[in-house]
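Asker: Only the shape, not the letters, is given here:
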Ligand SMILES: Nc1ncnc2c1ncn2[C@@H]1O[C@H](COP(=O)(O)O)[C@@H](O)[C@H]1O
Ligand SMILES: Nc1ncnc2c1ncn2[C@@H]1O[C@H](COP(=O)(O)O)[C@@H](O)[C@H]1O
Ligand SMILES: Nc1ncnc2c1ncn2[C@@H]1O[C@H](COP(=O)(O)O)[C@@H](O)[C@H]1O
Ligand code: NA
Ligand code: NA
Ligand code: NA
């Protein structure tokens, strides 16, 4: 087991490609996405009335250094399009140990 | 980034309106819901055989004070209808900072 | 509220029965599953092209002792079939207290 | 007369196929929303057809059927409740929840009965469709009332609020709205427009029903794992109660309403069938102490298959016997 | 002449049923993917039919319709933008986003208009289908351009990249691809093969449309909660703008293109309808500052129901009046 | 004779449309469950039709076809395995997994072949349907056996348990159950009932197939991104292997089973097609070391499109040539 940061992101489905692009740039390979989330925030209620306008819930486990880069990359996206990003600590049951 | 409580709730879809009502009462605006979760607990296996009887997974990020109110509001609901409520710490990458 | 371990597992849907079998063996009753997750990891992108080949996101809340057993049970599965397992701390708003 | 070959109607064979698929633990699985979609289609289809037929009859003529439906809907759950409390001897809250399921109806069973009658070229009255729509709701109210009595008033604030919501939900639940709504549309829409819509329902109806029953067969077989939890006396109830409801329905259809063999069979099916769409969520909200494992296993896993395979032909034979 | 009984075409009644179901807070809910599936079916169906018809006409003949579609697609959002900025006086970014919706079209409204004409046995030209496909995209480009102007160039790197993507998306969005693609298939596929496919579309089309409108009725009514946010002057815009677009469409259809009553009605509907499939995601990406609560409520909650219930019969009556 | 215009059957054009939509990066997307729903429909449809036809022939007559199916199902994956290990020279576990896909069959390809034959008004024997159902499973067993050999027994407890499960799954997987089940229903159900169900399948079959192929076209094009991972020699295998399987199928159909042009074409398609429904999950469980990126890209991204566009007309021309 090794300590990692667990980043949990809720964004509009439309923004997903954008966020994955940022992960690629940073060099973060792994992520998991749960589609079709609904929710409510400062911008009101969001559900998938129209393709692309629902939320997705993304989880990224990575080390602290990469996490800080992901966080910085998320700031402008969250500002522009809304959504949330929560960071917490977890232990990763690594595949090969 | 600011420290928040991350509340994770699993309840029957039918109860969702009820829980959102409690959040409204407390003044918690934001939440995210993942529909169509299945699961197993003290009351056996739950999946959506019938509309409304599946689980949903709800995540609420809020400050510690609101969190304690949400927790109190959840207790009677969990007792009556089952489900779980987990609370942990996280850092919130705030939109505007 | 009582402190618990929150285990978060991402595996291929096909493996779900296998993992639940391990939980049964260990004596862990409760779990929640979110189906239809997609993701990317060492084995490339995973989405449900074919029934059973998508990811599911499983959450298990249990005490530390059971958690360590679950973790050991997950290691060979993760090695063989891929996926991730993250462990963190949470407080459980217990039903009956 | 009824013979084994009547069982070989495709709809029933598809139900058996689904059941079998699940028994041999096949990985066959229908997308979760497919069953919902198929049942929306079936409800609208029955509604439109029923509405078009009902438009032809004298409204006064339907009053008897409406009254009978209300009678069955309010009466049968009370019968079921007493059997459950006094004979099966389960706790009152579970008894109330289960009773509500048996007082209500199963549109899937009703449609299968129609397929059965059609395959035998037996005609039937159009009134039972309106009875189907009406009988969805009253049992929910009775279930709630029985539970409140069992709780000696159940009068905390929460209970009262839930009661109000429940009564609202009972009359606005999706199946009722779809069925009554499309019945109304079938009755009032201009015929030219209806003629453009009906091929969608006429051409596909039996095919859709088959797929629906294939899925329901799997769902029913999935419930077998819970038979242990239900226990032998409740399992017997799951077969005895449809027989009781069926007999009451036969009597109402034949003597009270004066229907022919087809219509009487359909009223029997209304009496015999148990809800698995509208009532479960209502009872879950109203009586959270009751176990879904019990009421779902009984309605979906025992009574539904019993009615599809054994009940419908039986009620039909009885209706024929009455009509001799 | 048009009379109230024309309103009783089932498609519109099903829309009303969905609306009502939501108003009485029924728990009726369509699976989220059902609406998408139904609209894929409807788009392919219109496309194939349109393509088969278009194959019969002289390509040169269609040039006028194509030009008119481009004119409407580029012109109407500019009109809408000025009304929104100068009359309704909302901020420029929201104005740009809303304008784009009104410059584009709603396939659902178009199909309902076809159902309406069919129910009155009114024939129509095949050109409007190609106009429907063409008009999906230009308004997106205009919306983007207006937003860039409002931002005084909007010229940061992010903005430019989004612009490039948006122009790409405008021409490759799903509805456009489905519609143009099936139109092409309808035009070039061998007739024997098409004859095997068309029963799927001919038999089911009106039935599917009814279910689609049932769902859209619920969706429209769900938006009523946001009327407060939208405010009275925007609500008035949601009804005035389709009337303006409808009048422009009537003029274009009747005088410019020389269509008959049916074709003119359809062009009016193209002018009057607002997009709720292709444009919302495009505007969300292009103008994140604009509020989806505004543009979705206007297009889905106000203009769509207005066109279905009032607009279509109105444009039709006007087209009849023009054709006297 | 076969000419280019045969390519213009709508089903194939829709496949091309889906492929193109994905290539131009359109946001067109089918709901994930739609493809599953369509393929349930198609499997039941082929099954019912096949069963009704098979009911007319002498069971003894079908023994040859059954034996041939088993021969192909057990033989082809072994051929594929040796080509993959000795010629393409990939590791044995990936070779075993890929081989299993090519020994099994693709119902989607089979149905498209039927649409192709129908569009040319070429008749065909009913036996290939039963071969389709039979050929789903054996290759899974062979794949497993080859993998166990590659692992030198693979004999840890886990391996043995997985093997047992796999053999079970091979014979109870959803497609097999649906296909055999509806074949049986088609053969034994009372004709009056079947006649009520068949319009659902007859009217819609080709339309549903088109939508299914539209979706498969998108899915195939999505796989192009993985071509790099697959590498040139495996890509060549993805085209060579269907040709080999097609030739074997032609020989079996023409000489061994004595079928006409239509039936021979269908047997060739069975030999040539690779599974993408039943085998992938089986191989994922049995040989977790094998890469899904390889076997899915080959079967869905290379062989499926090759068969739809080039293979089917080719095998048909060859069958015509044999039948001269
Ligand atoms: N406090 C919160 N807790 C959980 N989810 C949130 C919270 N705030 C916002 N969200 C999610 O983020 C989405 C966009 O939020 P916003 O940009 O604030 O409207 C919402 O639709 C929710 O799904
Ligand atoms: N220990 C647990 N870990 C994760 N989820 C749980 C746990 N216990 C219960 N759940 C979820 O809560 C739902 C209701 O639980 P219960 O009321 O205990 O039957 C279950 O269907 C699960 O989805
Ligand atoms: N670092 C990560 N963060 C979040 N999810 C991951 C991560 N790595 C892998 N996953 C998930 O686990 C699945 C299998 O991972 P792998 O076995 O590494 O290919 C992926 O499809 C992802 O859904
Ligand atoms: Na009943
Ligand atoms: Na417009
Ligand atoms: Na093959």
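Answerer: Received it, and whenever you're ready, just let me know what you need. Values in this document were obtained by computation on a predicted structure and should not be read as measured data. Numbers count the residues shown, from 1 in each chain, chains lettered A, B, ... in the order given. Ligands and ions are numbered 1, 2, ... in the order given.
Asker: how far away is residue A:3 from ligand 1?
Answerer: Remark: distance between residue A:3 and ligand 1 (CB to the nearest ligand atom, to the nearest Å) = 25 Å. Just so you know, the C-beta spots here come from the backbone N, C-alpha and C atoms, and that holds for glycine as well.
Asker: Three-state assignment for that residue, please.
Answerer: What DSSP: H, G, I helix; E, B strand; the rest coil gives for residue A:3 is strand.
Asker: need the contact list for it.
Answerer: Residues counted as contacts of residue A:3 (CB atoms under 8 Å, 6 or more residues apart in numbering or on different chains) are A:89, A:90, A:91, A:92.
Asker: try 7 Å
Answerer: By CB atoms under 7 Å, 6 or more residues apart in numbering or on different chains, residue A:3 lies in contact with A:89, A:91.
Asker: Distance check, it against residue C:63.
Answerer: 21 Å (CB to CB, to the nearest Å).
Asker: Got phi/psi on the closest residue to residue D:174 other than its chain neighbours?
Answerer: Closest residue to residue D:174 apart from its sequence neighbours, by CB to CB, 6 or more residues apart in numbering or on different chains: residue E:28 at 3.6 Å. Dihedral pair for residue E:28: phi -60, psi 130, per degrees, to the nearest 10.
Asker: Chain A: helices as residue ranges?
Answerer: With DSSP state H as the definition, chain A shows helices at residue ranges A:16-26, A:64-81.
Asker: Turn the ones you listed into CSV, including distance to chain B.
Answerer: Converted to CSV, the helices of chain A look like this (distance: least, CB to the nearest CB, whole Å):
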stretch, distance to chain B
helix A:16-26, 13
helix A:64-81, 5
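Asker: Tell me, how many residues neighbour the residue in chain A positioned nearest to ligand 2?
Answerer: Chain A approaches ligand 2 most closely through residue A:34 (14.9 Å), counting by CB to the nearest ligand atom. For residue A:34, the neighbour count with other CB atoms under 10 Å in any protein chain shown is 26.
Asker: tell me the contacts of it?
Answerer: Applying CB under 7 Å, 6+ apart, the residues contacting residue A:34 are A:56, A:57, B:34, C:34, C:37, C:57.
Asker: Give me every residue in chain A lying close to ligand 1.
Answerer: A:10, A:39, A:40, A:41, A:42, A:43, A:46, A:55, A:82, A:83, A:84 (CB under 6 Å from any ligand atom).
Asker: and which of these is nearest to residue F:124?
Answerer: residue A:55 (49.8 Å; CB to CB).
Asker: my guess is the closest one meets residue A:41, correct?
Answerer: No - the pair residue A:55 and residue A:41 does not pass the contact test of CB atoms under 7 Å, sitting 9.3 Å apart.
Asker: Tell me which of the two has more neighbours.
Answerer: residue A:55 (29 against 18).
Asker: Dig out what the more buried one forms beta bridges with.
Answerer: Beta-bridge pairing of residue A:55 under DSSP bridges involves residue A:12, residue A:37.
Asker: pLDDT value on it, please?
Answerer: Looking at residue A:55, its pLDDT is 98.
Asker: And residue D:3, by the same measure?
Answerer: Reading off the confidence values, residue D:3 has pLDDT 56.
Asker: Show me what residue of chain D gets nearest to chain B.
Answerer: Nearest residue of chain D to chain B, counting by CB to the nearest CB: residue D:281, 3.9 Å away.
Asker: pull the helix or strand with minimum mean pLDDT from the chain.
Answerer: I went with chain A, as the question did not name one. strand A:44-46 (a mean of 94; mean pLDDT, DSSP states H and E).
Asker: other chain: chain D
Answerer: Comparing helices and strands within chain D by mean pLDDT, DSSP H and E singles out helix D:157-172 as the least confident, with a mean of 81.
Asker: If you count neighbours, what's buried in that helix?
Answerer: Buried residues in helix D:157-172, counting neighbours by 16 or more other CB atoms under 10 Å in any protein chain shown, are found at D:162, D:163, D:165, D:166, D:167, D:169, D:170, D:171, D:172.
Asker: got a list of what the closest residue to the residue of chain A closest to ligand 2 other than its chain neighbours touches?
Answerer: In this structure, residue A:34 finds its nearest non-sequential neighbour in residue A:57, 4.3 Å apart by CB to CB, 6+ apart. By CB under 7 Å, 6+ apart, the contact list for residue A:57 reads A:10, A:34, A:37, B:32, B:34.
Asker: 6 Å instead, please
Answerer: Counting by CB atoms under 6 Å, 6 or more residues apart in numbering or on different chains, residue A:57 makes contact with A:10, A:34, A:37, B:34.
Asker: one step back: could you give the number of residues near the residue nearest to residue D:174?
Answerer: Residue E:28: 23 neighbours (other CB under 10 Å).
Asker: returning to that earlier point: tell me which of the contacts of residue A:57 is nearest to residue E:38?
Answerer: residue A:37 (23.5 Å).
Asker: neighbours around that closest one, how many?
Answerer: 26.
Asker: Low-confidence stretches in the chain?
Answerer: You didn't pick a chain, so chain A it is. A:95-97 (pLDDT under 70).
Asker: oops, chain D please
Answerer: Low-confidence segments of chain D (pLDDT under 70): D:1-7, D:153-158.
Asker: Give me the residue at the spatial middle of it.
Answerer: residue D:106 (1.5 Å; CA atoms, centre = their mean).
Asker: Who's the closest spatial neighbour of that residue, skipping the chain neighbours?
Answerer: Closest to residue D:106 by CB to CB, 6+ apart is residue D:273, at 3.8 Å.
Asker: what residues are up against the one you found?
Answerer: Applying CB under 6 Å, 6+ apart to residue D:273 gives the contacts D:105, D:106, D:109, D:307.
Asker: Off-centre distance for stretch D:264-272?
Answerer: Relative to its parent chain, stretch D:264-272 has a centroid offset of 9 Å by CA atoms, centre = their mean, to the nearest Å.
Asker: What are the contacting residues of the least confident helix or strand of chain A?
Answerer: Applying CB under 6 Å, 6+ apart, the external contacts of strand A:44-46 come out as A:39, A:55, E:293.
Asker: returning to what we had before: out of the contacts of residue A:57, which are inside strands?
Answerer: Of those, the ones assigned to strands by DSSP state E are A:10, A:34, A:37, B:34.
Asker: what's the closest of these to ligand 1?
Answerer: Checking the ones in strands among the contacts of residue A:57 against ligand 1 with CB to the nearest ligand atom, the nearest one is residue A:10 at 4.2 Å.
Asker: Could you check how far that closest one is from residue E:280?
Answerer: Taking CB to CB as the measure, residue A:10 falls 19 Å from residue E:280.
Asker: again, but for residue D:45
Answerer: Distance, residue D:45 to residue E:280, using CB to CB: 33 Å.
Asker: Tell me which of those two has more neighbours.
Answerer: Ranked by neighbour count (other CB under 10 Å), residue D:45 and residue E:280 place residue E:280 first, with 25 against 22.
Asker: Distance-wise, check the more buried one relative to residue D:18.
Answerer: 40 Å.
Asker: same deal with residue A:39?
Answerer: For residue A:39 relative to residue D:18 (CB to CB), the value is 36 Å.
Asker: Would you mind telling me which of these two has more residues around it?
Answerer: Neighbours were counted for residue A:39 and for residue D:18 using other CB under 10 Å; residue D:18 has more, 29 against 24.
Asker: Spatially nearest residue to that one (excluding sequence neighbours)?
Answerer: residue D:217 (2.5 Å).
Asker: Surely the one you found is in a strand?
Answerer: No - assigned with three-state DSSP, residue D:217 falls outside any strand and is helix.
Asker: dump the residue contacts of it.
Answerer: Contacts of residue D:217 by CB under 6 Å, 6+ apart are D:15, D:18, D:19.
Asker: buried set for the helix or strand harbouring the last one?
Answerer: Take DSSP states H and E as the rule and residue D:19 turns out to sit in helix D:10-23. Within helix D:10-23, the residues that qualify as buried by neighbour count (16+ other CB under 10 Å) are D:10-22.
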